[in-house]
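Colleague: Sharing a sequence plus its predicted fold:
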Amino acid sequence: MAEQDIFAALKAEGESVDHLVTGLDKDAWETPTPAEGWTVAHQIAHLAATFRMAGLAAAAPDEFRRMMSQMSDSFESNVQAAMAPYVAQPPSRLLGAWRDERATTQKALAAVADGTLLPWLVRPIPAPVLAAAGMMELFGHGQDIADALGAARQHTDRLRYLVEFALRTWDFGYLARGLEVPDTRFQFRVTAPSGARWQFGPVEAEQTITGSATDLCLLVTRRRHRDDLALKATGNEADRWLDVAQAYRGPAGPGRRPGQFAR
């Protein structure tokens, strides 16, 4: 898969989540989601705020840095402040704002010169990696919306970008919990939605994760408990990783309970 295809994948994934909320009435926008205290509107507001930040990082790095310098030490306070202007809008305006932020950011990311590092929340990253981070946000918050509305999601092999992002951020779960990052390597053998087999990591690795690519994405976005996923670990550290895995550096939070969702 060509690296530049990530921008087309980001656009398609955004449209997939957009489809979940298009045509919802006001009451549906206020439906509680599995994230405590968050409605469907909160989920879209958060995505709008996240895409705005990514757009600034790509098109106006200095402005992004100034914004970062004004943030507080509280992760939760920063999240709430970023999405407040969006969640205060009525649903039609919120949806329009999110669409605008997506379109602006997709264009800005695609225009970044190859090899350019963009400022971001943890460390500078290339535009394709920031686009993959956007896909992670869309996958996770899109799942919350789908769960709230009782909607089924149809995933495609675009998930490869999210799987690769999860492997790039494999240590985030340890760091988020203040744990020492182990000096080990994992091998991942996962099955794509199409049935294709994807393999990552050294073939000689003794610590392995196998199973569904979709389930791996649900795990690292903490939208399903490991007990409800078709993932298998070989090796003690691989088994431990299934307990802590996450593809973002914010607080781990409670995650989802075993058996909370029907398979």
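Modeller: Thanks, I have the structure now. Numbers count the residues shown, from 1 in each chain.

Colleague: Report the outermost residue of the chain with respect to its centre.
Modeller: Outermost residue of the chain with respect to the C-alpha centroid, by C-alpha atoms, centre = their mean, is residue 204; its distance is 29.2 Å.

Colleague: any idea which helix or strand carries that one?
Modeller: Using DSSP states H and E, no element contains residue 204; it sits outside every helix and strand.

Colleague: repeat for the one 4 residues further on
Modeller: In the assignment (DSSP H and E), residue 208 maps to strand 207-212.

Colleague: Which neighbours in the sheet does that strand have, and how are they oriented?
Modeller: Strand 207-212 has its sheet partners listed here by DSSP bridges as strand 186-191 (parallel), strand 231-234 (antiparallel).

Colleague: Residue 172: which of those strands is closest?
Modeller: Residue 172 lies closest, by C-beta to C-beta, to one member of those: strand 186-191, at 13.7 Å. C-beta: built from backbone N, CA, C; applies to glycine.

Colleague: Averaged pLDDT, that closest one. What do you get?
Modeller: The average pLDDT for strand 186-191 rounds to 97.

Colleague: ok, then the element right after it?
Modeller: strand 197-200.

Colleague: Name every strand pairing with that next one and say which way it goes.
Modeller: With DSSP bridges as the test, strand 197-200 pairs up with strand 186-191 (antiparallel).

Colleague: Quick one: distance of the strand it pairs with to the chain centre.
Modeller: Distance of strand 186-191 from its chain centroid, counting by C-alpha atoms, centre = their mean, to the nearest Å, is 19 Å.

Colleague: Would you mark the buried spots in the biggest helix by length in the chain?
Modeller: What stands out as the longest helix in the chain, according to DSSP state H, is helix 127-149. Across helix 127-149, burial judged by 16 or more other C-beta atoms under 10 Å covers 127-148.

Colleague: ok, now stretch 85-101?
Modeller: 86, 87, 89, 91, 94, 95, 97, 98, 99, 101.

Colleague: Check stretch 240-254 too.
Modeller: Those buried within stretch 240-254 under the rule 16+ other C-beta under 10 Å are 240, 241, 242, 244, 245, 246, 247, 248.

Colleague: Which of the buried residues of stretch 85-101 fall within helices?
Modeller: Counting by DSSP H, the buried residues of stretch 85-101 contribute 86, 87, 91, 94, 95, 97, 98, 99, 101 to helices.
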